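Undergrad: sequence? don't have it. structure:
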């Protein structure tokens, strides 16, 4: 097991994982949700669902740290607890993309020595946004296994120039909307 995988398991941070193993190019890769704030423990074998999660996570690691993570944060309010929870396995050299539903604009910023790319996420998914940024189409990935898809997207995204303006963390916080995500369809 990798250090990142051990960290996730030892702290019970995995939530609804759809992929949780190595790939041909990564010592560890993960897709699913990650717990930010755990739910209340009711008894030794019962716990409420997490209060806050990073959803639609795509994570890779070839070292003791997270090399790449892309995820959705339902609100920018989850950002500081996210960093606090995971900073032990974050790296100043990592590529960290956050798709935030209550952000009105994009920005690249530094926080506690780590660089984050924050994108407003409206009606799309993290996966579709990554494909757009990596200049890939779903057809490019159609016949690949789940592990190969992660490898391909990570390979392309890390060689892509993400055109996004530099901002301070204070600037990013000022871009937080009070409206949040708009749901479409039957409710």
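TA: Arrived safely. In this text the structure is predicted, and so the values were computed from the model without any measurement.

Undergrad: CA only for contacts and neighbour counts going forward, please
TA: Noted.

Undergrad: which residues touch the residue nearest to the spatial centre of the chain?
TA: Nearest residue to the geometric centre of the chain (CA atoms, centre = their mean): residue 71, 2.3 Å. Residues near residue 71 by CA atoms under 8 Å, 6 or more residues apart in numbering: 54, 55, 56, 57, 58, 97, 98, 99, 126.

Undergrad: show me the contacts for residue 40.
TA: 47, 48, 49, 50.

Undergrad: sec struct for residue 4, please.
TA: helix (DSSP: H, G, I helix; E, B strand; the rest coil).

Undergrad: also residue 92?
TA: Going by three-state DSSP: residue 92 is coil.

Undergrad: is it in contact with residue 111, as I believe?
TA: No - using CA atoms under 8 Å, residue 92 is not in contact with residue 111, being 9.9 Å away.

Undergrad: tell me which of these two has more neighbours.
TA: Using other CA atoms under 10 Å, the more surrounded residue of residue 92 and residue 111 is residue 92, with 16 against 12.

Undergrad: for that one, which non-adjacent residue is closest in space?
TA: Excluding its sequence neighbours, the residue lying closest to residue 92 (CA to CA, 6 or more residues apart in numbering) is residue 114, at 4.7 Å.

Undergrad: quick one: the one you found and residue 53, what's the gap?
TA: 20 Å (CA to CA, to the nearest Å).

Undergrad: who has more neighbours, these two?
TA: Ranked by neighbour count (other CA under 10 Å), residue 114 and residue 53 place residue 53 first, with 24 against 16.

Undergrad: show me what counts as buried in stretch 6-26.
TA: Across stretch 6-26, burial judged by 16 or more other CA atoms under 10 Å covers 7, 8, 13, 14, 15, 19, 21, 22, 23, 25, 26.

Undergrad: confidence score at the last one?
TA: Among the per-residue scores, residue 26 holds a pLDDT of 95.

Undergrad: what of the third one?
TA: We have a pLDDT of 95 for residue 13.

Undergrad: am I right that the residue nearest to the centre of the chain sits in a helix?
TA: No - Residue 71 sits outside any helix when classified using three-state DSSP, being strand.

Undergrad: need the contact list for residue 66.
TA: 4, 59, 60, 89, 90, 91, 94.

Undergrad: next, format the residues you listed as CSV and append neighbour count.
TA: Formatted as CSV, these follow (neighbours: other CA atoms under 10 Å):
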residue, neighbour count
4, 26
59, 24
60, 29
89, 19
90, 22
91, 18
94, 19
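
Undergrad: that concludes my questions; thank you for your assistance.
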